[in-house]
Every structure is written in structure tokens, then in C-alpha cells.
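Student: This is a predicted model, with the sequence first.
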Amino acid sequence: MSLINCQECSAEVSATALNCPKCGAILRKRKRTIFGNIVKYSFIAFNILMLIWFITGMGAASDGIATAESEAAQAGAAIGTGIGAMLIITIWAVGDIVLGIMTFFTRGK
């Protein structure tokens, strides 16, 4: 095992240590693996995609409600909009939970 000197307190520390045990200074940062980076960026991309999907879906649904000719058609469009919104939110929540757990477990070591 090789030893290095801490830059803050000059104590001898293992070369594999993340922090100095004497003063607590950070010696090196944790790094994600390639798979960890893919999971992290897919988590970010998924959230952006879901936000865009939700905004455009609700915009299109509100246009559909406004252009409906009868009250029954407006009510049906409103019910459909509510069901669609809940479906998007459910997919978003489940996806965030799954990708969030994967992101957590692939963090740097």
C-alpha cells in the first residue's frame, strides 16, 4: 500500500483514501463509471422528455376542449384530458423511482 502526504496537514495517508483521516481534507473525488453516467443522463433526459410530453399534451387537450361543439363533447374531452394527465404523471413517477434508484446505486465509488 502506497502512502501520500495530505496537501492540507502533511499527514501520511493511504493513496486510495478519499479524505484525510486527520484533517478531513478531500484528497480525490468520486467518479462514476461509464454505465453510471449513462444512467444519470438517461434520468435527466427522461425528466425533460416527460415535462415536454406533459406540457404539449395538456396544451393539445385544452385546444380540444375549447373546440368541442356540444357540452357533452366538452365534458368527454375534459374527462379524457384528466385520464391522460394521470397516465402521464403515473408513468413519470414510476420512471423517476426506477431511474432514481439506478442512479443512486451507480454513483461514484
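Tutor: Ah, there it is.

Student: Domains in the chain, by residue range?
Tutor: 1-30, 32-105 (automatic domain parsing).

Student: Switch the ones you listed over to JSON lines; also include mean pLDDT and mean neighbour count.
Tutor: Quick note: C-beta positions are derived from backbone N, CA and C, even for glycine. Converted to JSON lines, the domains of the chain look like this (pLDDT from 0 to 100; neighbours: other Cβ atoms under 10 Å):
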{"stretch": "domain 1-30", "mean pLDDT": "85", "mean neighbour count": "12"}
{"stretch": "domain 32-105", "mean pLDDT": "93", "mean neighbour count": "13"}
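
Student: Isn't residue 91 up against residue 54?
Tutor: No - contact criterion Cβ atoms under 8 Å: residue 91 and residue 54 do not qualify, at 9.9 Å.

Student: contacting residues around the nearest residue to residue 36 once chain neighbours are set aside?
Tutor: In space, and not counting its chain neighbours, residue 36 is closest to residue 106: 3.5 Å by Cβ to Cβ, 6 or more residues apart in numbering. By Cβ atoms under 8 Å, 6 or more residues apart in numbering, residue 106 lies in contact with 32-33, 35-36, 39-40.
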